[in-house]
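Trainee: Just the structure for this:
(3 chains)
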Amino acid sequence: MSALASRRSALPRRLLAAGLYVAMLAWGVTALANTSGHRSISVLCSSIEDLCRSWADGFTRQSGIDVVMVRLSTGEALARLSRPEGRREFDVWHGGPADAYVTAAERGLLAAYHSPEAGAVAPRYKDSEGRWTGVYVGVLGFCSNQLVLDRLGLAAPTSWDDLLAPELRHQVSVPNPLSSGTGYTMVWTQRARLGTDARALDYLKRLDANVLQYTNSGLAPAGIVARGEAAVSVTFSQHCLRAIDQGTSQLVVTYPREGTGFEIGSVAVLADARDPEAARRYVDYAISAEGQLTGAGAWAAQLPTRSGIDPDPRLGARADILDYTPQDAAAARQRLTDLVSSELR
Amino acid sequence: MSGQLDVHALSRAIDGRTVLDAIDLAAAPGELVCVIGPSGSGKTTLLRCIAGLEPADSGRIEVDGEPVSAGGPRRTAMVFQQDTLFPELTVAENVGFGLRARGRAGADADAVPVALLRLGLSGMEDRYPDELSGGQRRRVALARALVLHPSVLLLDEPLAGLDEALAEDGLRLIRSTQRRLGLTTLLVIHDQAAALGVADRIVVLDHGRVAQAGRPREVFERPDSLFVAQFLGRSAFLEAEVQQVGTDGRQGRALVRLLGADRWLPAHAEVVAGEVCAVLVRPHALVAEAAPGVAGAWAEPTGAQGVVEEARYRGDRIEYAVETEHGSAVATGSLDEPVLAVNQLVSLALREEHVWVLPAH
Amino acid sequence: MTPRLIRWSIWALLAVPAVVLVLGLLGTLATPAGVQALGSVLNTQSGLIGSTLAYCLATAIAGTGLGWLLAHVLAMYRTPGRRVLHALCLAPLVLPSFTFAMALIVLFGHSGLVTGRLAPGFEVYGFGGLVVAGTMARFPLAYLNLSWAYRRLDTALLEAAGELGASPGRVTRRLVVPRLGPPLLSSFLLLFGDAMADVAIPLVIGGGYPTLATRMYEAIASEGDLTAATAYALLLTVPAVVLWLLASRLGREQSNPIGTAAPRPARAPAVAGRLLQVLAWASAGLVLALLLAVLAGALSDPDGGLSTAQVWSLLHGPDTRPFAMSLVLALVAAPLAMALAFALTRAASDELGRLRRARRTLQALAALPPTVLGLGAFLALSATGTWLRDAGLEPRIVPWLAIGAILAVHLVRFTPRVALPALRSADALVPLLRDQAVLLGARPRDLTRSLVWPGVRTEIAGGGLATFADTLTAVSSVILLTNAQVPLLPVRMLADIDAGRLPAASAATLVLSGAVLIVTGVHRLWRSDLVRRRLTTVVAR
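Mentor: Numbering: from 1, shown residues only, chains lettered A, B, ... in the order given. Here you go, the predicted structure:
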């Protein structure tokens, strides 16, 4: 008889339990519903998350269209877009070096669109058929933590070979060439300056001994160096400047004297965009002065591609940039990535 | 629902081996029948057949005239030797299981609390079997069976593994409950002394056959065979020759020269004159007293004399293993006399009505 | 609908996704390209196999050892604060697997809180840190296994030996250790298999240490090379299945862990025992320190002060989507798994032979590595997406397909884990109990309902809770299935950690573990009648 009684008294507790569960479910479903509402586009962003977000916010403020921003490093983005179910997932690809866009264009993933804003962009910074347009330029450089360097007794590197110093064992942070556009740019830069695949691979192998971890994204190395986890990183200088401006004053930007690579950060409407019209508006915004200036002031800007905008003088416009086109880099991509993936870890 | 149990010529073989061999057994309503026998004599199988768990190869089992087989609600309830309380259910749920299964939970709503109260389990309704002691678990199992008001209750060694005090209490509980409810009960039990004390009738099984069935006193004092004589209680057999057989009107008798005298002793019907017999002498039938004279180490006792081989103090009595001219036996001694020593000569007195003459085959 | 048809439909619900997932894998592998990929992987990546084995071996040994240490100390000695110790041992079960890797970096990284000040130059990345992080993440599995084994030790026997004059050390060596052989071995195998499927921890703290699982992930995510990925997956699956089958033969499934009470021994320890106690407390201290590091990270703001902004932003505002999605999926997956397990148990438990077969099938299913399941689901999803596109059908359905794929992976993975203890409980209905029940008037087909359900219900409820915790924090199995419309918080955490945003990842950990604690509370409330009972003793019968 008390078994029955205890069952009765269990009822209010069970109701409470069920209520809690249902409440959690309801909250979750509501939250999901709220975040997937009115007109929106999906933007695949291969640049810094903060920058991606400010681009998204800027566009939404200007046009009223929601932006679902997903950040993937260049290699991952390219892989995603190359897969059938990934194609209709996004409307726009924004950020990441042009050589990846060249490859994407060759695979038919990009839609041709000559934006009226693209008139202000020099021809070498955009695709002749309008499939992609450059919106910033980044110069590959070294971002180093002065405090850590002092501890190791080294000066900031000014040469690619400086990175091979034995004191820098496990102190170099470098992006993963397979997944990151920055990483691939670094690999391509070695090839471009050393002349042959073999010599480039040789350098990379020696560098490998000093590498702490190959990060997934191109901008992570700057963060790692900023935290002091590594002494030197190879990354586009704007990421380093961004960290400096955010307060990490012990960072210092240097460039290799043998010459360095660069990226043309681009934007493109995707061929299978669900909302091509909104996508085009986004591209217009990205190429516009307002889009390119986004992040100026609060964060480090990037070298613009438009004429008529003054760049931040620290951004390495005076560095020794190797002479190659995105198409060169794109053509070698498959070969070099295969080489890297089989020879390095 | 009076509870008459009739078993006719029940036979069962398992894997080619005969386990039960033409068993005849009857239990009157309200009777407590104890089934005893050595291990492997078929006691558990007998119970299982009566319960309907195992099919009989031949023979009939009837409760109140109705055959026990498939179909219809069972009128028997069985408590197994092993612990079969359902581990996932509380005590109350265990006890009420049969009622719920038969759809009588509502009508007999009080049955469970009453049964628990009767067996001293009040307050344990919400406990789980693994929280109970062994003795408590047995009582729950019993309550579970009783609550169904069966016509016949079958108990398979319900006291196995309990220490003496608990077993005694348990047996008393079974007996009193059974009497109060007038419940025909078949009790398989190992402890013969307990069986003798509590049963209305005793059935002795041997290799699947009924060796003897009857009232406890009858089976104990007038066993039908050497096997039954040896199986129940302590026994000693003295060899002698039967001179004559006869009867006194109620009881067969045999004239036997035993312990120095010719005596007309109670005898089994199959005792034949001129043949050697075995005289069943239990300790209480033989009394030893000190005799004059000292026996030497190799003295042969003659007549009504015996030589003490061993003295055993039993607390409430003293027993002596004695050597007589007919063989060894156990005799009782007086606690008021000094203890008899080994090799001492004793005179033996026979309480003739308490011995039993059996054929010596 | 005949019972037979019902049974087959229930099995189909589980079997169809499983078959689809496995077929996706085999289909890709059975092509010439697939075979070639497999060949090239075996030839060029033998070092990879070796390094994977090294990691798995080290983690399994360390994890089993740590689990044994804690189980032994808690079971054999009167230890102060044993409830805290027990809770700390269970903590990793409610957290994403890479939480400790993250915390190790916070504390011992190059600029970590500890090493930054005390031991600069200390290298936590690489094999060492990887093994520590892996051990911390999975030792609870061994702990629970061994704890259960200790509980089943016959304490009367041990006490008798003690009274006969054997020293505590002797009793331990001669009586306790031999009985622990099988559970130790099965724990080792369990941990080994778990480490093989691990994607997240090597990514976070491995320092580039190559493992089969991470390579498989990279093959898809970075290179888009499906055939290579399936080759890696095959290399992962075969040993994993062998391991699990070995392990399940050795140890019996125990009842579900969450909700077990701390052990309650009576003895005070001798010298050796005290040493073990100290070691146990040290390990627990490490766990605690790691947890505190995570907590600190979650509540910090960039200026070094205290702020709940990180945590709050996950619960409110545009950034709640990953958490909301993860939460809803977990809240849906757990009851689904429970329902399916319930139906399976019911369908199987009428007949003993069926029960055994069901258990074996489920054990085989449970052996599939989650990473491989995820890959299979991903391949199926890709194929479906292509088919839809070619057929010109509306691809707005794709996010729902992804959700379905995630749920299918969770179901295939966790239904066996919920059902197996329940089936074991059903199997405990020995023939004698059946006889007794039938004698009491139960119909044979009612036996399961009236006798087995109470215990089975307990197992399923516990299993549901464990499923919720695991699906909420799952990474390896779903890392390939998440996308723009279907973001998942644990996967997002990986990206955060990679980008150096440790506070954001810590805040996510806090939020996830909070959700698990709330659902644990729900479970407690629901099964309040069981708070008194010791769950595991029932299964021990």
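
Trainee: From here on, just use CA atoms for contacts and neighbour counts.
Mentor: Noted.

Trainee: Mind jotting down where the helices sit in chain B?
Mentor: Here chain B has its helices, by DSSP state H, at B:43-51, B:91-95, B:97-101, B:111-118, B:134-146, B:164-181, B:192-198, B:216-221, B:226-231.

Trainee: Report the distance from the last one to the chain centre.
Mentor: It refers to helix B:226-231. In terms of Cα atoms, centre = their mean, to the nearest Å, the centre of helix B:226-231 is found 12 Å from the chain centre.

Trainee: returning to what we had before: looking at the helices of chain B, which is closest to chain C?
Mentor: helix B:97-101 (4.6 Å; Cα to the nearest Cα).

Trainee: What is that closest one packed up against?
Mentor: Helix B:97-101 makes packing contacts with helix B:134-146 when contacts are defined by 3 or more Cα pairs under 8 Å, 6 or more residues apart in numbering or on different chains; DSSP states H and E.

Trainee: try 10 Å
Mentor: Using 3 or more Cα pairs under 10 Å, 6 or more residues apart in numbering or on different chains; DSSP states H and E, the elements in contact with helix B:97-101 are helix B:91-95, helix B:111-118, helix B:134-146, helix C:431-439.

Trainee: May I see the buried residues of the second one?
Mentor: Along helix B:111-118, the positions that meet the burial threshold by neighbour count (16 or more other Cα atoms under 10 Å in any protein chain shown) are B:111-113, B:115-116.

Trainee: one step back: just send the helices of chain B back as TSV, with distance to residue C:28 and mean pLDDT too.
Mentor: What follows is the helices of chain B, written out as TSV (distance: least, Cα to Cα, whole Å; pLDDT from 0 to 100):
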stretch	distance to residue C:28	mean pLDDT
helix B:43-51	60	90
helix B:91-95	56	89
helix B:97-101	55	85
helix B:111-118	64	86
helix B:134-146	60	88
helix B:164-181	71	87
helix B:192-198	76	88
helix B:216-221	83	91
helix B:226-231	78	90
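
Trainee: Could you single out the most deeply buried of the ones you listed?
Mentor: helix B:91-95 (a mean of 26; mean count of other Cα atoms under 10 Å in any protein chain shown).

Trainee: That helix close to chain A?
Mentor: Yes: using Cα under 10 Å from any Cα of the partner chain, helix B:91-95 comes into contact with chain A via B:91-93.

Trainee: what number of residues lie near residue B:279?
Mentor: 25 (other Cα atoms under 10 Å in any protein chain shown).

Trainee: returning to what we had before: okay if I get the helices and strands packed on helix B:97-101 as JSON lines plus distance to residue B:253?
Mentor: As requested, the helices and strands packed on helix B:97-101 are exported to JSON lines (distance: least, Cα to Cα, whole Å):
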{"stretch": "helix B:91-95", "distance to residue B:253": "54"}
{"stretch": "helix B:111-118", "distance to residue B:253": "49"}
{"stretch": "helix B:134-146", "distance to residue B:253": "46"}
{"stretch": "helix C:431-439", "distance to residue B:253": "49"}
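
Trainee: Tell me the secondary structure at residue A:190.
Mentor: Under DSSP: H, G, I helix; E, B strand; the rest coil, residue A:190 falls in the helix class.

Trainee: what's near enough to touch the residue nearest to it when sequence neighbours are not counted?
Mentor: Residue nearest to residue A:190 in three dimensions, not counting chain neighbours: residue A:200, with 5.1 Å by Cα to Cα, 6 or more residues apart in numbering or on different chains. Going by Cα atoms under 10 Å, 6 or more residues apart in numbering or on different chains, residue A:200 touches A:187-194, A:336.

Trainee: before we move on, the earlier item: output the buried residues of helix B:111-118 as CSV; include the columns distance to residue A:125.
Mentor: What follows is these, written out as CSV (distance: Cα to Cα, whole Å):
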residue, distance to residue A:125
B:111, 93
B:112, 90
B:113, 91
B:115, 94
B:116, 92
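
Trainee: What about chain A: which of those touch it?
Mentor: Subset of the buried residues of helix B:111-118 in contact with chain A: B:112-113, counting by Cα under 10 Å from any Cα.

Trainee: Next one: the most centrally placed residue in chain C from chain A, what distance?
Mentor: The centroid of chain C falls nearest to residue C:470 when counting by Cα atoms, centre = their mean (6.2 Å). In this view, residue C:470 and chain A are 17 Å apart by Cα to the nearest Cα, to the nearest Å.

Trainee: Residue C:41 reaches residue C:233, doesn't it?
Mentor: No: here residue C:41 does not reach residue C:233: they are 11.0 Å apart, not a contact under Cα atoms under 10 Å.

Trainee: Of these two, give the one with the bigger neighbour count.
Mentor: residue C:233 (27 against 18).

Trainee: Do I have it right that the more buried one meets residue C:372?
Mentor: Yes: with contact defined as Cα under 10 Å, residue C:233 reaches residue C:372; the gap is 5.6 Å.

Trainee: Can you check which residues contact both of these two?
Mentor: C:25, C:197, C:213, C:216.

Trainee: What's the PyMOL line that selects buried ones from the contacts of residue A:200?
Mentor: Burial among those is assessed by 16+ other Cα under 10 Å; the matching PyMOL selection reads:
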select buried, chain A and resi 187+188+189+190+191+192+193+336
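
Trainee: want to throw the contacts of residue A:200 into a markdown table with pLDDT and distance to residue C:241?
Mentor: Shown next, in a markdown table, are the contacts of residue A:200 (pLDDT from 0 to 100; distance: Cα to Cα, whole Å):
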| residue | pLDDT | distance to residue C:241 |
| --- | --- | --- |
| A:187 | 89 | 40 |
| A:188 | 87 | 42 |
| A:189 | 87 | 45 |
| A:190 | 88 | 44 |
| A:191 | 87 | 44 |
| A:192 | 85 | 48 |
| A:193 | 86 | 49 |
| A:194 | 86 | 48 |
| A:336 | 84 | 37 |
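
Trainee: Among the contacts of residue A:200, which one lies nearest to chain B?
Mentor: Here the nearest of the contacts of residue A:200 to chain B, counting by Cα to the nearest Cα, is residue A:336; it sits at 65.6 Å.

Trainee: Contact partners for that closest one?
Mentor: In this structure, residue A:336 makes contact with A:177-178, A:184, A:187-188, A:191, A:197, A:200-201, A:329, judged by Cα under 10 Å, 6+ apart.

Trainee: will you turn the contacts of residue A:200 into TSV that also has distance to residue C:416?
Mentor: Shown next, in TSV, are the contacts of residue A:200 (distance: Cα to Cα, whole Å):
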residue	distance to residue C:416
A:187	47
A:188	49
A:189	52
A:190	52
A:191	52
A:192	55
A:193	57
A:194	57
A:336	45
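
Trainee: which parts of the stretch 51-200 of chain B sit against chain A?
Mentor: Counting by Cα under 10 Å from any Cα, the stretch 51-200 of chain B comes close to chain A at B:90-93, B:109-110, B:112-113, B:123-127.
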